[in-house]
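Engineer: take this sequence and fold it.
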Amino acid sequence: MLILKSIINLLKIKAEFDKDMRRLTVFEGQLLIKLIDRECSRTGYILVKDLRNGFVAWGYQQFARICGTNLKKSYDKHGDDSLIEE
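Structural biologist: Below is the predicted model:
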């Protein structure tokens, strides 16, 4: 029952934000991935791997690398991501 509720919630979230997510620039997408990692304490790669599967996560990682980011990189509030904290 819990799994069914989770799936329903994910579908609702997708329906609500799908159009907006598709219109993000590369920079906005990179920032969103960092903010999700900050809030969830899990990298974008791990989230995709858990929600979909390892092959899909690998594909997204390859696309992210083409766009100049890394889904496996953790949020670092004292290092590279310190400007986000300000």
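Engineer: drop to CA atoms for contacts and neighbour counts, all remaining ones
Structural biologist: Fine.
Engineer: in the chain, where's the longest helix?
Structural biologist: Criterion DSSP state H: the longest helix present in the chain is helix 2-22.
Engineer: tell me the helix or strand right after it.
Structural biologist: helix 26-40 (DSSP states H and E).
Engineer: average model confidence for the helix or strand just after that following helix?
Structural biologist: Downstream of helix 26-40, the first helix or strand assigned by DSSP H and E is helix 44-51. Average pLDDT, helix 44-51: 90.
Engineer: mind checking how far helix 44-51 is from the chain centre?
Structural biologist: Helix 44-51 sits 8 Å away from the centroid of its parent chain (C-alpha atoms, centre = their mean, to the nearest Å).
Engineer: list the buried residues for that helix?
Structural biologist: Gly44, Tyr45, Ile46, Leu47, Val48, Lys49 (16 or more other C-alpha atoms under 10 Å).
Engineer: follow-up on the earlier one: can I get the CA coordinates of the longest helix of the chain in PDB?
Structural biologist: Output in PDB follows, covering the C-alpha atoms of helix 2-22 (Å, rounded to 0.1, in the frame of the first residue of the first chain):
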ATOM      1  CA  LEU A   2       2.800   2.400   0.900                       C
ATOM      2  CA  ILE A   3       4.500   1.700  -2.500                       C
ATOM      3  CA  LEU A   4       1.200   2.500  -4.300                       C
ATOM      4  CA  LYS A   5       0.900   5.800  -2.400                       C
ATOM      5  CA  SER A   6       4.500   6.700  -3.300                       C
ATOM      6  CA  ILE A   7       3.900   6.000  -7.000                       C
ATOM      7  CA  ILE A   8       0.700   8.100  -7.000                       C
ATOM      8  CA  ASN A   9       2.500  11.000  -5.300                       C
ATOM      9  CA  LEU A  10       5.400  10.800  -7.900                       C
ATOM     10  CA  LEU A  11       2.800  10.900 -10.700                       C
ATOM     11  CA  LYS A  12       1.100  13.900  -9.200                       C
ATOM     12  CA  ILE A  13       4.500  15.700  -8.800                       C
ATOM     13  CA  LYS A  14       5.400  14.800 -12.400                       C
ATOM     14  CA  ALA A  15       2.100  16.100 -13.700                       C
ATOM     15  CA  GLU A  16       2.500  19.400 -11.800                       C
ATOM     16  CA  PHE A  17       6.100  20.200 -12.600                       C
ATOM     17  CA  ASP A  18       6.800  18.400 -15.900                       C
ATOM     18  CA  LYS A  19       6.400  21.500 -18.200                       C
ATOM     19  CA  ASP A  20       8.500  23.700 -16.000                       C
ATOM     20  CA  MET A  21      11.300  21.200 -15.700                       C
ATOM     21  CA  ARG A  22      11.500  20.800 -19.400                       C
END
